[in-house]
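# Just to be clear, the model below is a prediction. Sequence and coordinates:
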Amino acid sequence: MMRVSILGCGWLGFSLATHLKIKNYKINASTTSKDKYELFNKEGFNAFLIDSLKKQDLTSFLECEILIICIPTSKLPLEFLKHLLSFDLSKLSKVILISTTSIYPNENKTFDEEFILSLENCGNIQAFQIEEFLRKNLSNLSILRCAGLMGYDRIPIKYFHNKILKDKNKKVNFVHRDDVISAIETILNNSIYDTFNLCAKLHPTKEKLYKNIEANSLYSIKEYQNTDNLNNRIIKADKITKKLHFSYRFDNPFNFFYV
């Protein structure tokens, strides 16, 4: 039975761990919370308390065939990754980094994986530095650049409830959590190492999408306003469908599943 170590079992990582356990993977799950540590053990995971701000012995956690880094790049110190790579990773067949599409420039363009990023043009310096460091040091690396993660209790309008939305014409780049988990499983079942965007195909404006959600929820926007000179960064994410025959379950944000 293959063992997967998931570094960072938060909103995405915990659901991923639960899904992979059902698929008969053995799970090493890390958290910074003592309460979650107890919960993970009760769920049948091999739980670890790991703080990315500290240098700890990661030998036992890295006893696995696959490592999935789920800590958001915004909270993942480069120094911790250097510490991580100081351990013996020779048994790893695959490392998967969950990155972000905010790495692309915040410009009025459509971006796919062929766009050449640099420290000067990237939209997220920390994500760029993390990707570059791991790419230079790992030959078995796959990177999943996720658009805005939504689904279940993450309802986009919730974060603007009773507030003024100033960029109503901005188009969204969202991906449902179920599709991210399915994409990770697809990567696990392939021997291809590459970088893939993950984003729903359709990009409605915030106003159109949020008004649709308003009609079916308790959330509402106080006022919709327009922003002049708005940049609409659009993420194209069909490379994974072409190269790995992956199918999005939620390719339209209007059809995202929420609870």
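Happy to help now that I have it. Residues are numbered from 1 along each chain as shown.

# all helices of the stretch 101-250 of the chain, in order?
Remark: helices assigned in the stretch 101-250 of the chain by DSSP state H, counting those that start in this stretch are 125-137, 177-188, 206-214, 239-243.

# Most tightly packed of these?
helix 177-188 (a mean of 20; mean count of other C-beta atoms under 10 Å). Backbone N, C-alpha and C define where each C-beta goes, glycine included.

# Figure out which of the helices of the stretch 101-250 of the chain is closest to residue 165.
Taking C-beta to C-beta, helix 206-214 is the member of these nearest to residue 165, at 6.2 Å.

# Going by contacts, tell me the helices and strands next to the closest one.
Counting by 3 or more C-beta pairs under 8 Å, 6 or more residues apart in numbering; DSSP states H and E, the packing neighbours recorded for helix 206-214 are strand 164-165.

# Please list the outside residues in contact with the strand it packs on.
Strand 164-165 has contacts (C-beta atoms under 8 Å, 6 or more residues apart in numbering) with 206-207, 210, 221-225.

# Make JSON lines from the residues you listed and add pLDDT to it.
Listed next are these as JSON lines, based on pLDDT from 0 to 100:
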{"residue": "206", "pLDDT": "96"}
{"residue": "207", "pLDDT": "96"}
{"residue": "210", "pLDDT": "97"}
{"residue": "221", "pLDDT": "96"}
{"residue": "222", "pLDDT": "96"}
{"residue": "223", "pLDDT": "96"}
{"residue": "224", "pLDDT": "96"}
{"residue": "225", "pLDDT": "96"}
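
# Among the helices of the stretch 101-250 of the chain, which comes closest to residue 73?
That would be helix 125-137 among these, by C-beta to C-beta, at 4.2 Å.

# on that earlier part again, how about JSON lines for the helices of the stretch 101-250 of the chain, with distance to residue 32 added?
Converted to JSON lines, these look like this (distance: least, C-beta to C-beta, whole Å):
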{"stretch": "helix 125-137", "distance to residue 32": "19"}
{"stretch": "helix 177-188", "distance to residue 32": "21"}
{"stretch": "helix 206-214", "distance to residue 32": "32"}
{"stretch": "helix 239-243", "distance to residue 32": "30"}
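
# of the ones you listed, which approaches residue 252 most closely?
For the helices of the stretch 101-250 of the chain, the distance to residue 252 is smallest for helix 206-214, at 10.0 Å, taking C-beta to C-beta.

# any idea how far that closest one is from the chain center?
23 Å (C-alpha atoms, centre = their mean, to the nearest Å).

# For stretch 54-61, C-alpha coordinates in CSV please.
Extracted in CSV, the C-alpha atoms of stretch 54-61 (Å, rounded to 0.1, in the frame of the first residue of the first chain):
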residue,chain,number,x,y,z
LYS,A,54,10.9,25.7,12.9
LYS,A,55,13.6,23.2,12.0
GLN,A,56,12.4,19.8,13.1
ASP,A,57,13.4,16.2,12.4
LEU,A,58,11.2,15.3,9.4
THR,A,59,12.7,11.8,8.9
SER,A,60,9.5,9.9,10.0
PHE,A,61,7.2,12.2,8.1
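
# That concludes my questions; thank you for your assistance.
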